[in-house]
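Chemist: next input, structure requested:
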Amino acid sequence: MTTKKTTSEKPIETLPPNPFIFEILDLASKQRSNAKKVEVLKTYEHDSLKTILIWNFDESVISLLPEGEVPYGDVKDQNVYSGNLSDNLIREANGGESATMQDLEGKGRTSLRREYQNLYHFVKGGNHNLSTTRREMMFINMLQGLHSKESEILCLVKDKKLQTKYKISLENVKEAYPDIVWGGRS
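Modeler: All right, here's what the predicted structure looks like:
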């Protein structure tokens with residue numbers, strides 16, 4: 001008698017309420033099948049996530065920011081504010097610093113979930129009244145206020161390079177969000 005080896009699919013990891021965009025993208029990227037990637041994107045659907053994915057994948061969205069690395073922040077910020085929300089909550093509960101608490105100057109960290117409505121300033125057809133210098137300063141200020149991993153996402157998206165870090169394709173996004181109309185944005 002032969003026994004069949006059955007492989008049961010592991011349930012998708014559950015993120016905390018209102019997760020950071022990087023937590024959603026990390027989780028989706030870790031999934032082996034496209035169906036699971038789509039499931040994660042659907043489960044954690046939010047306008048902020050859709051906005052980031054549209055800016056990255058829609059060729060008609062044209063960034064008004066210079067391509068390449070953006071000089072912002074410092075090494076302390078990059079180290080203190082790393083990790084996922086759950087890890088940061090545990091670190092904070094144990095008396096350490098985390099992305100969920102105020103830093104030493106009293107300046108709080110924000111997320112793309114809160115700031116996504118301001119992204120129109122940085123693309124063609126958005127706020128055409130801004131000077132190039134003002135637009136770039138606003139972008140740097142936003143990056144400095146975001147969790148470091150959220151800032152990294154924004155820098156990748158402005159250059160349409162999100163897929164260099166996360167294993168998510170345009171097809172995954174189209175399947176997860178069939179309501180998105182592609183093209184004709186600039």
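
Chemist: now do the strands in the chain.
Modeler: Assigned by DSSP state E, the chain shows no strands.

Chemist: pLDDT weak spots in it?
Modeler: For the chain, the stretches flagged by pLDDT under 70 are 1-9, 73-108.

Chemist: send me the longest helix along it as CSV with only the CA atoms.
Modeler: The single longest helix within the chain, with elements called by DSSP state H, is helix 132-145. The C-alpha trace of helix 132-145 is given here as CSV (Å, rounded to 0.1, in the frame of the first residue of the first chain):
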residue,chain,number,x,y,z
THR,A,132,11.2,72.1,-8.7
THR,A,133,13.2,73.1,-5.6
ARG,A,134,10.0,73.2,-3.4
ARG,A,135,8.8,69.9,-4.8
GLU,A,136,12.1,68.2,-4.0
MET,A,137,12.2,69.7,-0.5
MET,A,138,8.7,68.5,0.2
PHE,A,139,9.7,65.0,-0.9
ILE,A,140,12.8,65.0,1.3
ASN,A,141,10.7,66.2,4.2
MET,A,142,8.2,63.5,3.7
LEU,A,143,10.9,60.9,3.5
GLN,A,144,12.4,62.1,6.7
GLY,A,145,9.0,61.8,8.5
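
Chemist: who touches the residue lying closest to residue 167 once chain neighbours are set aside in this structure?
Modeler: Of all residues not flanking residue 167 in the chain, residue 29 sits nearest, at 4.5 Å (Cβ to Cβ, 6 or more residues apart in numbering). The way it works is simple: take the backbone N, C-alpha and C, and place the C-beta from them, glycine included. Residues in contact with residue 29 (Cβ atoms under 8 Å, 6 or more residues apart in numbering) are 37, 165-168.
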